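> Here is the input, now give the coordinates:
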Amino acid sequence: MSDTSVTKSATGTCDPVRYDEPVATVEHPLEAESAPIVSLTPTAAAKVKELMAEEPDADTLVLRLAIQGGGCSGFQYGLGFDSGSAEGDIELEFEGVRVVVDPFSAPYLRGATVDFLNSIDESGFKIDNPNAAASCGCGHSFTVAEDADPGVDAGPGCGSGCSH
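Numbering: from 1, shown residues only. Below is the predicted model:
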């Protein structure tokens with residue numbers, strides 16, 4: 001097999017294309033790909049650092065953000081410390097906090113923001129997820145649009161009967 005092929009130019013002449021010669025490449029980053037999969041607010045990062053400092057192996061821990069099947073609206077968030085990243089994980093860093101997201105969860109979390117609230121109304125970590133079509137009253141469980149994951153039958157959610 002040859003390392004060249006022939007292409008016809010606009011003038012009708014045949015010019016060889018050489019695959020063994022250097023070629024220039026031009027990258028066109030997509031907006032969605034250049035933005036982080038998830039983000040952590042400074043308040044959330046500070047709270048994570050505070051909680052991590054209480055762990056004996058704090059310097060090796062990462063914050064894992066994931067989605068899991070279940071929950072009263074179809075999916076539920078998983079947020080916790082892990083000993084490190086696994087093969088295929090997306091690794092990010094915010095305010096000195098290493099965050100990992102597994103490849104299954106990434107499409108459902110794209111554009112999500114993790115915040116920490118401490119007010120009279122709410123206290124704890126809150127995930128603002130633009131991919132959630134509906135959420136349970138507890139905020140820990142969500143449904144995606146049917147076209148986002150046709151294999152999931154999440155149902156109508158739990159309304160006020162959530163046990164979270």
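> Would you map the strands across this protein?
If DSSP state E is used as the criterion, the strands of the chain fall at 4-8, 14-18, 38-40, 62-69, 75-82, 90-94, 97-101, 112-118, 123-128, 132-135, 141-144.
> List the pairing partners of the shortest one within its sheet, with orientation.
The partner list of strand 38-40 in its sheet, established with DSSP bridges, is strand 112-118 (parallel).
> Give the buried residues for the partner strand.
Applying a neighbour-count criterion of 16 or more other CB atoms under 10 Å, one finds 112, 113, 114, 115, 116 buried in strand 112-118. In short, each C-beta sits where N, CA and C put it, glycine included.
> about what we covered before: looking at the strands of the chain, which is nearest to residue 47?
strand 112-118 (4.2 Å; CB to CB).
> What is the neighbour count of residue 87?
Applying the criterion other CB atoms under 10 Å, we find 6 residues in the vicinity of residue 87.
> Now render the buried residues of strand 112-118 as TSV, adding distance to residue 104 and pLDDT.
TSV is the format used below for the buried residues of strand 112-118 (distance: CB to CB, whole Å; pLDDT from 0 to 100):
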residue	distance to residue 104	pLDDT
112	15	92
113	20	94
114	18	94
115	23	95
116	25	95
